[in-house]
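[1] Next come a sequence and a model predicted from it.
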Amino acid sequence: MELAELVRLYAEADASCRYQRVALALENGIRQGLAQPGTALPTQRALAEALGLTVGTVTHGYAEAAKSGLISSVVGRGTFVSSSRPDVDVLPPPSPLDEAASEKRGEARWSRSSSVNETSLRNLGFIAPFEWLNPSLPDALERLQKRLDFRFLSQLQSYHRPAGMERHREAGAVWARRYGIPVSPDSLLICAGSQHALMTLLTSLCSPGDRIAAESLSYPLLRQLAWRLRLNLASIRSDACGMLPDALDSACRSGGVRAVYLMPSCRNPTLTRMPENRRRDLVEVCRRHNVLIIEDDVYALAVEAGTPAPTFFSLAPERTCAIAATSEILGGGLRVAYLCPPDHFLEELEHTISYTISMVPPFMAELASQWILDGTADSVLKAKREEAAVRNAMVRSVFDGWPVVSRTTGFFCWLPLPEAWTGIRFADAAKSAGVLVAEGEHFLAGHALQEYGVRIALGGLDSREDLDEVLRILAGLLEG
């Protein structure tokens, strides 16, 4: 988008505040197709001079446009138009059964608004962790029928308290301890997956206008939920060890920070692991400013076993709300997660569950409990780690010489890009070559990136040979 076009759009924008007119001018220009994804925008200083505004006003306008994901910045490289894509961590590709049904009805397959034939795309954008290794549902149903009498099975069709049945909370406490969360069955709530747990926390414990601190690259659903709940995201700088305590402290001193969102053992998308001293420093900042901690360590069980750092829940149980997920191990269709908050939040959070979904379906919670208590969950976790180890080794071999970030047993890797690429441009080039990846701009919590990169999920293809072929296509794009 040229500077002259932005000046014209600013003059036409109908907004009361100058920074809002800047944001509206950017939005209108992008919506009108005056700038394609990946296009560089005029510098904030140049636009400020052309409009007779302060640089601060224009910077505020750019930041406002970034909230909706229209633009993104990279420190030292400029601001660029983002790509309009579905949420890669929220909208999966169709299942084989969906595709077959659609074909019978003559319907088009779900797409990313592209002319590329979606049936030919191989999806490394959505994290589907080796779902062919999920527990056998037919076997589980057979064991369930043998194990439980008719009277108890009929109870699974009845209403129960929103927190969940006692036997299911007992299994939840066992599973939470796998994450290093020491909690009693009476101190947790059963939610319909980790996304529902996060929404329950934000709607219950935060008010419109509150600020939620998060690392500059973070789980994209957080941005979407904050926008819909009228919460403001505070993007906090990080380094190789995770969120910087001084940066969080500065944001808290500016006011309004209600909670901080963290994925400490394996951050999505960069796989950053936060060491113990960094966790303790962040806890000190949160205590100083009375800030809640949301610990959503969904990929903690996937990464290599070793001496784990203490969880935030164990370091600051009075202010940490931890989420223990099951879907990555037991299957995405099993929407069960265990929310472990401080006891003084339990009643309010349970009320929110009752207002939103009444309760998690007891039948789903029973399946999760059976798999947790009979050892199935641990066996599946072991098998998925073993498969992940093989695939991460493949990544390091194919991208030898490139600064790929890979954990021994993680479900995805992070590929920093050389200066010739933005994440959007690389993702579009990969898509043209038949491969879906998740560009780093999609995970942006603020409006400025430190570097461009893409996340590559390793579990979307059943065949290791297919994965090797796809990884070599991506490496070829870098080399070309």
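    Yep, that arrived.
[2] Kindly provide the distance from the residue lying closest to Pro362 once chain neighbours are set aside to Thr326.
    What sits nearest to Pro362 in space, not counting adjacent residues and going by Cβ to Cβ, 6 or more residues apart in numbering, is Leu156, at 4.5 Å. Any C-beta I mention is one placed from the backbone N, CA and C, and that applies to glycine too. Separation of Leu156 from Thr326 (Cβ to Cβ, to the nearest Å): 17 Å.
[3] repeat for Asn277
    Taking Cβ to Cβ, one finds Asn277 at 30 Å from Thr326.
[4] tell me the secondary structure for Glu49?
    Using DSSP: H, G, I helix; E, B strand; the rest coil, the secondary structure recorded for Glu49 is helix.
[5] Next, count neighbours for it.
    Number of residues near Glu49 (other Cβ atoms under 10 Å) recorded here: 14.
[6] rewinding a little: between Leu156 and Thr326, which has more neighbouring residues?
    When Leu156 and Thr326 are compared for neighbours, Thr326 comes out ahead with 27 against 17, by other Cβ under 10 Å.
[7] Quick one: residues contacting the closest residue in space to that one that isn't next to it in sequence.
    Using Cβ to Cβ, 6+ apart and skipping residues adjacent in sequence, the residue nearest Thr326 is Val336, 5.0 Å away. Counting by Cβ atoms under 8 Å, 6 or more residues apart in numbering, Val336 touches 190-193, 326-327, 330, 360, 364-365, 367-368.
[8] roughly how far apart are the closest residue to Val398 other than its chain neighbours and Leu334?
    Spatial nearest neighbour of Val398, chain neighbours left out: Leu471 (4.3 Å); criterion: Cβ to Cβ, 6+ apart. Leu471 sits 29 Å away from Leu334, going by Cβ to Cβ.
[9] do the same with Asp239
    Asp239 sits 36 Å away from Leu334 when distances are taken as Cβ to Cβ.
[10] ok, these two, which is more surrounded?
    Between Asp239 and Leu334, counted using other Cβ under 10 Å, the more crowded position is Leu334 (20 against 11).
[11] for the protein, which spans come out with low pLDDT?
    Residues of the chain that meet the criterion pLDDT under 70 lie in 37-38, 67-69, 74-77, 83-119, 150, 305-306, 447-449.
[12] Can you measure across stretch 289-299, start residue to end residue?
    For stretch 289-299, the first-to-last residue distance is 28 Å (Cα to Cα, to the nearest Å).
[13] quick one: buried residues of that stretch?
    The neighbour-count check on stretch 289-299 (16 or more other Cβ atoms under 10 Å) flags 289, 291-299 as buried.
[14] among these, which are in strands?
    With DSSP state E as the criterion, strands contain 292-296 from among the buried residues of stretch 289-299.
[15] by contact count, what packs against the top helix by length along the chain?
    Identified as the longest helix of the chain according to DSSP state H is helix 376-398. Helices and strands touching helix 376-398, by 3 or more Cβ pairs under 8 Å, 6 or more residues apart in numbering; DSSP states H and E, are helix 327-330, helix 362-373, helix 464-479.
[16] Let's see the second one as CSV, backbone CA atoms only.
    This file holds the C-alpha atoms of helix 362-373, laid out as CSV (Å, rounded to 0.1, in the frame of the first residue of the first chain):
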residue,chain,number,x,y,z
PRO,A,362,-20.1,-37.9,32.0
PHE,A,363,-19.6,-40.6,29.3
MET,A,364,-16.5,-38.7,27.9
ALA,A,365,-15.1,-38.2,31.4
GLU,A,366,-15.6,-41.9,32.2
LEU,A,367,-13.6,-42.9,29.1
ALA,A,368,-10.8,-40.6,30.1
SER,A,369,-10.9,-41.9,33.7
GLN,A,370,-10.7,-45.5,32.5
TRP,A,371,-7.7,-44.9,30.2
ILE,A,372,-5.9,-42.9,32.9
LEU,A,373,-6.5,-45.5,35.7
